[in-house]
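Student: Prediction below, plus the sequence it came from.
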Amino acid sequence: MHVAIAGNIGAGKTTLTKLLAKHYKWEPHYESVTENPYLDDFYGSMERWSFNLQIYFLNSRFRQILDIRESGKNVIQDRTIYEDAHIFAPNLHAMGLMTNRDFSNYLSLFELMERLVEAPDLLIYLRGSISTLVGQIHRRGRDYENSISIDYLSRLNERYEAWISKYNKGKLLVIDVDDLNFVDNQEDLGLVIDKIDAQIHGLF
């Protein structure tokens, strides 16, 4: 079984991935943030490095999906290949931070990859308000995220909502994280697990 968690920067994807991997004994697959050689450069000069960054993520996510399929294990994945193509790359293009030529090239590559990948059995979308996202980002204190603007997060949130409203590739569970603290509150984590159990039992 392949479960994936989607959501904006600061929504709690990595944290929930860890907690669910432990609870269900699933194998976690994380977004390669620390190994990403472009992140610092990107946040310093988005226009210069946007294409390189997105290609890196696309390649990394595609490889991850192939590994998941070949492993035959129950896996939980932190972020999906669809978010790169439907949210982050189009947003950079719309903001004038990725050229038409680069964006067209990127989409062509994604469409080719999409033919070869299968959607997760269950997609969990973590929905959060801007104030929640900003609070989480500040709490974790990653240097390269200090320059993320409210406008940038808002644009991403709008694209997430548009994408999720049309998502039809498999089962979808939407969790509002504004009123949940699944890190410190076991009851909140229990609520999330109950919702996931209901979805998983419907898969069989």
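Tutor: That came through, no problem. All figures in this text were calculated on a predicted structure; none of them were measured in a lab. Numbering: from 1, shown residues only.

Student: can you tell me which residues contact the residue at minimal distance from the centre of the chain?
Tutor: The C-alpha lying nearest the average C-alpha coordinate of the chain belongs to residue 79 (Cα atoms, centre = their mean; 2.8 Å). Neighbour list for residue 79: 4, 5, 6, 7, 13, 31, 61 [criterion: Cβ atoms under 8 Å, 6 or more residues apart in numbering]. Where you see a C-beta, it was placed from the backbone N, CA and C, and this is true even at glycine.

Student: Quick check: the gap between the fourth one and residue 67.
Tutor: Taking Cβ to Cβ, to the nearest Å as the measure, residue 7 falls 22 Å from residue 67.

Student: hang on, residue 87 is in a helix, isn't it?
Tutor: Yes. Under DSSP: H, G, I helix; E, B strand; the rest coil, residue 87 sits within a helix.

Student: nearest to residue 124, of the contacts of residue 79?
Tutor: Distance to residue 124, by Cβ to Cβ, is smallest for residue 5 among the contacts of residue 79, at 4.8 Å.

Student: Write down the beta-bridge partners of that closest one, one by one.
Tutor: Note on residue 5: beta-bridge partners by DSSP bridges are residue 78, residue 124.

Student: now the strands for the protein?
Tutor: For the chain, strands defined by DSSP state E occupy the ranges 2-7, 27-29, 75-78, 122-127, 171-176.

Student: Can you say which of these is nearest to residue 46?
Tutor: Across the strands of the chain, residue 46 has its closest neighbour in strand 2-7 (20.9 Å, Cβ to Cβ).

Student: residues of the closest one that come out buried?
Tutor: Neighbour counts over strand 2-7 (16 or more other Cβ atoms under 10 Å) mark 2, 3, 4, 5, 6, 7 as buried.

Student: For the residue nearest to the centre of the chain, grab phi and psi.
Tutor: Dihedral angles of residue 79 (phi, psi; degrees, to the nearest 10) stand at phi 80, psi 150.

Student: what about the closest residue to residue 68 other than its chain neighbours, distance to residue 95?
Tutor: Nearest-residue entry for residue 68: residue 75, 4.8 Å, with adjacent residues in sequence omitted and distances by Cβ to Cβ, 6 or more residues apart in numbering. Distance, residue 75 to residue 95, using Cβ to Cβ: 33 Å.

Student: More neighbours: which of the two?
Tutor: Remark: of residue 75 and residue 95, residue 75 carries more neighbours, 22 against 14, as counted by other Cβ atoms under 10 Å.

Student: just to revisit the earlier point, of the buried residues of strand 2-7, just say which sits nearest to residue 163.
Tutor: For the buried residues of strand 2-7, the nearest to residue 163 is residue 6 (8.4 Å; Cβ to Cβ).

Student: Skipping its backbone neighbours, what lies nearest the closest one in space?
Tutor: In this structure, residue 6 finds its nearest non-sequential neighbour in residue 125, 4.9 Å apart by Cβ to Cβ, 6+ apart.
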